[in-house]
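Enquirer: I would like to see how this sequence folds:
(one chain, ligands or ions: 1)
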Amino acid sequence: MTGIFITFEGGDGVGKTTQMELLKTAIKSADSGREIVVTREPGGTEIGVEIRNLLLHWRGYLAPKAEALLYAADRAHHIETVVRQALARGAVVLQDRYFDSSFAYQGAGRTLGVEEIRGFNLWATGNLFPDFTFLLDMDAETAMQRSAAREGEFDRFHEEKQVFHDRVREEFLALAGAEPERFTVLDASLPAEEIHQQVRERLSHTLPLG
Ligand code: TYD
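Expert: Next comes the predicted model:
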């Protein structure tokens, strides 16, 4: 049995965690005996937690290229030590963010160029593409309000201006348009249960769900 690699993408505050939880519960209740690994980037490993802390909470200047490479470093370690091993065991991997976030945030948001970011991310991951990517799409302003209400602590990305988050959203949609067989675009303003139904539909031929 080969594993299934499923990623969730979208701007900050669009409800990725809720959707991952709903899907995890549905896989579990199907009782298929499938191992489920829930993980995230950045921060899916012990060293990744350190890198995540730097990336999100460093208060000084961080050169955009250094930022992009730190995300890729976290990713390279995570993919080698967690994700590939889980997939080899036949697990379903549910992952909060992956290289599409770097294409959108660093490539478009920070204007480093999507193709440049793609190059070293494919190298870092050995070209490991997800089987399914669910993009939770929402207008940047609503999403920012939702995540600001949720979190009180300093976060470098919540400090960014609207135009940054608009670029991120546009790039996510462009990525989804370029790879429709991998991506499913979901309207994140719908009730969570409705979004979950669409996730189930997309996976219905691949995964038994309870
Ligand atoms: P996350 O904890 O998923 O944030 P949220 O819960 O707000 O969605 O991700 C942390 C932040 O890191 C988020 O603002 C997006 C950003 N990020 C990048 O800029 N590039 C990347 O490659 C990844 C994985 C995340």
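
Enquirer: from here on, contacts and neighbour counts on C-alpha atoms
Expert: Fine.

Enquirer: How about the residues of the protein by the ligand?
Expert: The chain has residues 11-13, 41-42, 71, 97-99, 101-102, 105-106, 157 near the ligand, with proximity defined as C-alpha under 6 Å from any ligand atom.

Enquirer: which is the next helix or strand following the helix ranked longest in the chain?
Expert: In the chain, assigned by DSSP state H, the helix with the most residues is helix 162-178. Next along the chain after helix 162-178, taking DSSP states H and E as the criterion, comes strand 183-187.

Enquirer: Now do that next one against helix 162-178, angle only.
Expert: Strand 183-187 and helix 162-178 are oriented at 130 degrees to each other (axes from the mean of the first three to the mean of the last three C-alpha atoms, to 10 degrees).

Enquirer: now strand 183-187: mean pLDDT?
Expert: The predicted model assigns strand 183-187 a mean pLDDT of 98.

Enquirer: so what strands line up beside it?
Expert: If you go by DSSP bridges, strand 183-187 pairs up with strand 132-137 (parallel).

Enquirer: My guess is residue 146 contacts residue 15. True?
Expert: No - if you go by C-alpha atoms under 8 Å, residue 146 and residue 15 don't touch, sitting 9.3 Å apart.

Enquirer: Mind checking which of the two has more residues around it?
Expert: Just comparing residue 146 and residue 15: by other C-alpha atoms under 10 Å the higher neighbour count belongs to residue 15, 22 against 15.
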